[in-house]
Structure formats: structure tokens, C-alpha cells
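give me the fold of what follows.
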Amino acid sequence: MQNAAATPESSFGLCRLIGQVRGEIVLGIEQALVDAGLELNFSQFLALKKLGDTGPTTPGELARALNYNPGAMTRLLDKLEQLGYLQRVPDPTDRRALQLELTPAGRDVHARMIAGGNAAAERAFSDINQDERRQLHDLLVRLLEHLRAERQRLAGS
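The predicted structure follows:
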């Protein structure tokens, strides 16, 4: 592996390391999906997970939650609808809007993929004890909050 252990003093090295960790987790989850007989990529997994966890939502809300641009979200939703996992239905409170909801097949896939995703996540963190997990969690939350505050600060300037 090419210099996986970046020096902690290098901010860019830490960013690269976080990206590499994310990449390995994505590959692990995608492999778990294949093992479960599901032909889904990570983006499709995230969209179905969000819909299954939170229930019906609008395409715009889902795009914001996943940090997707509208064009990419439309293509993703078209594919999931083509697979029979979600449907666009009229919004009961706004006849101009649509809501996304899982179909029965989508709910079945959601249950299967969550089991595989959870198993992949457990394998990813199997070498880290509970205290280390808490420390990592706290550091990542702190980093995320800082990044979001910095983005808002810059947007307000």
C-alpha cells in the first residue's frame, strides 16, 4: 500500500487518508451488496438507505441530504425506479410536487442491503475497540462541525 500512514502533521495527508478510508469502506459495502445478490452501487445504496430510514421525501430533499446535484439525482432516481425499488407519487399536500417512496421490492432490498452494509461496517471497524471508536467518532464530529461552520462563514462573507 502506497504510504497509507500519512504523517499527522500534514493536513492534506490526513485528508487523503480520510478519503482512502472512505474508499475502502465504499468498496466493502459494494462487495457486501454483491454478496447479497444486489446489483447496486454505493450511490444507489445511500439513496435507498435514506428513503428506507426516513420515509417518503421529495427529490430535492434527497438530493440535499446526499449532497447531489439535481441532474445526477434525476439519473439515480430514474435507475432505481427502473429497477422497481422506488416510485414517484403525488405529494398529498402539494399537487405540483412529487414524493419518493420505496416500493414493496424496495423495502425488501432495503432490509437486505442494510444487513450487508452493517456487516461490512463491522468488518471495517473490527480492529478498533469501543474506546477508540468513541475517540474517532468525537474527532470526526468535531471536524465535521468545524467544516460546516467554516463553509457557512465563507458563504456569509
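
from here on, just use CA atoms for contacts and neighbour counts.
OK.

tell me where the model's unsure across this protein.
Along the chain, the parts satisfying pLDDT under 70 run over 1-8.

longest helix in it, please.
If you go by DSSP state H, the chain has its longest helix at helix 130-156.

can you give me how far it is from the chain middle?
17 Å (C-alpha atoms, centre = their mean, to the nearest Å).

stretch 26-37 now?
Centroid displacement of stretch 26-37 relative to its chain, using C-alpha atoms, centre = their mean, is 14 Å.

what are the contacting residues of it?
39, 40, 41, 42, 112, 113, 116, 117, 119, 120, 121, 124 (C-alpha atoms under 8 Å, 6 or more residues apart in numbering).

ok, 7 Å please
39, 40, 41, 42, 113, 116, 117, 120 (C-alpha atoms under 7 Å, 6 or more residues apart in numbering).

look up how far residue 10 lies from the nearest residue to residue 55 once chain neighbours are set aside.
Nearest non-adjacent residue to residue 55, counting by C-alpha to C-alpha, 6 or more residues apart in numbering: residue 101, 6.6 Å away. Distance of residue 101 to residue 10, computed by C-alpha to C-alpha, to the nearest Å: 44 Å.

the chain: strands as residue ranges?
All strands of the chain, identified by DSSP state E, fall at 86-91, 94-102.

can I get the ones you listed in a markdown table including distance to residue 17 and mean neighbour count?
A markdown table is the format used below for the strands of the chain (distance: least, C-alpha to C-alpha, whole Å; neighbours: other C-alpha atoms under 10 Å):
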| stretch | distance to residue 17 | mean neighbour count |
| --- | --- | --- |
| strand 86-91 | 35 | 17 |
| strand 94-102 | 35 | 16 |
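
so can I have TSV of those strands showing distance to residue 76?
Shown next, in TSV, are the strands of the chain (distance: least, C-alpha to C-alpha, whole Å):
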stretch	distance to residue 76
strand 86-91	11
strand 94-102	12
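
between those, which gets nearest to residue 53?
Closest of the strands of the chain to residue 53 is strand 94-102, at 10.4 Å (criterion: C-alpha to C-alpha).

what residue lies at the spatial centre of the chain?
The C-alpha lying nearest the average C-alpha coordinate of the chain belongs to residue 46 (C-alpha atoms, centre = their mean; 4.0 Å).

I appreciate the help and will end here.
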